[in-house]
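Visitor: Following is a predicted model, sequence given first.
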Amino acid sequence: MNAFTVGGTIRATFTLAGELAKRHDVEIVSVYRVRAAAPALPVPKGVRLRTLTDLRTGARRTALQEWLRARRSRLISPQDYRYENFSLLTDAGLLRFLASVRDGVLVGTRPGLNLAIAHLAPDSVVRVGQDHVNLASYSSGMRMQMTEAYDRLDLLSTLTERDAAAYRELLGDRPPVELFPNPAPDLGGRRASLDDKVVIAAGRLAWTKGFDRLLPAWARIAERHPGWELRIFGDGAEREALQGMIDELGIAGSARLMGFTGRLHDELARASVYVMTSRQEGFPMVLLEAMAAGLPVVSVDCHTGPRDIVTDGVDGRIVPEEDEDALVEAVDALLADATTRRAYGAAALEAAARYEPSAIAARWEARLGELSEAERGRSTIAGPALRVLHGRVRRKVGG
């Protein structure tokens, strides 16, 4: 959707693209951009980044383009929870791009884009949909649209086996649904010493990330461990509310909202414990980043993600949802016991190594090679053109 900001999907996409670009021609296509500066994350070596629609302030647009920008998208499903980010102007750019693709592999990273690819990408293209969250997070309307269109995809990938099973139950055997975990980003060898009295958390300052349930827990933890500090990295709509909570709890001396950083890996190396209190995740990349830095982690047991990465009692702790006491006790134990902290940190390094980018990329290469062979000989534009025509006729017949 937008490759110029920060998020787990973007980081995972960049990491995988960079590894595949060592052997293949790889391009990342951003439907739009709104940042005036360069991408927040570095574009991998050998990867092209293309923007379809420039929404930056000051960008030159015609009166027609401004008119299109002010009108709702007709191409992206209104059931996509980021639907408001799209418009008729982004539709025009996306349609031009899809019409230009004739071969190779095209990968969508969110449901709205997956549906557009399923409906409009030529049959000569290997069409892949990715889910970077989980099926349970989508509305019934979105799941219905998936059942109607996803059979035109050649592959659907999920981040956990639990989610893959849920998709197979919904979609049957078409398209094939397979597990492809995200690769761990390269941290350049940075490792935490686990000596700093810092607990770290990171993510958008939004309700889904659950920082509002971390702060009351921290107020209790800070009383037991004077000198320790909680640092929360990220920006978002909840910043003012969270700062108000910090002030109300009286923990301004030990809990800080640090804002956005483009060098989170450096901050992880300066911490001793990572905490995640999200209400919803797919495959939380930030947990992998923390573990790759050698940090023991404490995570709430949200629907998917933590149990696929963290082994409770080995490289971190997983605590029940909405159990503040359990969260407090898990963090407290790690702050009080440096020996356990170091043992978990060493195990976290080993666990993160399973997600080494070259190994994940090799799996993708093998599967996409199979799909590319099967694709040879399929038609180019007839399939999507007929589907669009059929949709128009059906709408007219239906009144």
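Guide: Received the coordinates, thanks.

Visitor: Spell out the secondary structure type for residue 2.
Guide: coil (DSSP: H, G, I helix; E, B strand; the rest coil).

Visitor: can you count the residues close to it?
Guide: For residue 2, the neighbour count with other Cβ atoms under 10 Å is 17. Quick note: C-beta positions are derived from backbone N, CA and C, even for glycine.

Visitor: Look at it and report its pLDDT.
Guide: pLDDT for residue 2: 95.

Visitor: and it, backbone torsions?
Guide: phi -140, psi 100 (degrees, to the nearest 10).

Visitor: Would you check how far apart residue 18 and residue 74 are?
Guide: 34 Å (Cβ to Cβ, to the nearest Å).

Visitor: more neighbours, these two?
Guide: residue 18 (22 against 11).

Visitor: In contact with residue 6, which residues?
Guide: 40-41, 260, 262 (Cβ atoms under 8 Å, 6 or more residues apart in numbering).

Visitor: export those residues to CSV and tack on neighbour count, secondary structure and pLDDT?
Guide: Output for the contacts of residue 6, formatted as CSV (neighbours: other Cβ atoms under 10 Å; DSSP: H, G, I helix; E, B strand; the rest coil; pLDDT from 0 to 100):
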residue, neighbour count, secondary structure, pLDDT
40, 15, coil, 87
41, 18, coil, 88
260, 15, coil, 89
262, 11, coil, 79
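
Visitor: Can you give the contact residues for stretch 338-349?
Guide: In contact with stretch 338-349 (Cβ under 8 Å, 6+ apart) are residues 191-192, 194, 272-273, 290-292, 294-297, 311, 314-316, 333-335.

Visitor: ah, wrong one, I meant stretch 152-162
Guide: Residues beyond stretch 152-162 that count as contacts (Cβ under 8 Å, 6+ apart) turn out to be 114, 117-119, 126-132, 134-135, 150, 164, 167, 171, 175-182, 282-283, 304-305, 308, 367, 371, 374-375, 387.

Visitor: Pull out the buried residues from the residues you listed.
Guide: Buried positions within these, assessed by neighbour count (16 or more other Cβ atoms under 10 Å), are 114, 117-119, 126-132, 134-135, 150, 164, 167, 171, 175, 177, 179-182, 282-283, 304-305, 308, 367, 375, 387.

Visitor: what's the burial count for the closest residue to residue 54 other than its chain neighbours?
Guide: Closest residue in space to residue 54, ignoring its immediate chain neighbours: residue 33 at 6.1 Å, by Cβ to Cβ, 6 or more residues apart in numbering. Neighbour count for residue 33, taken as other Cβ under 10 Å: 19.
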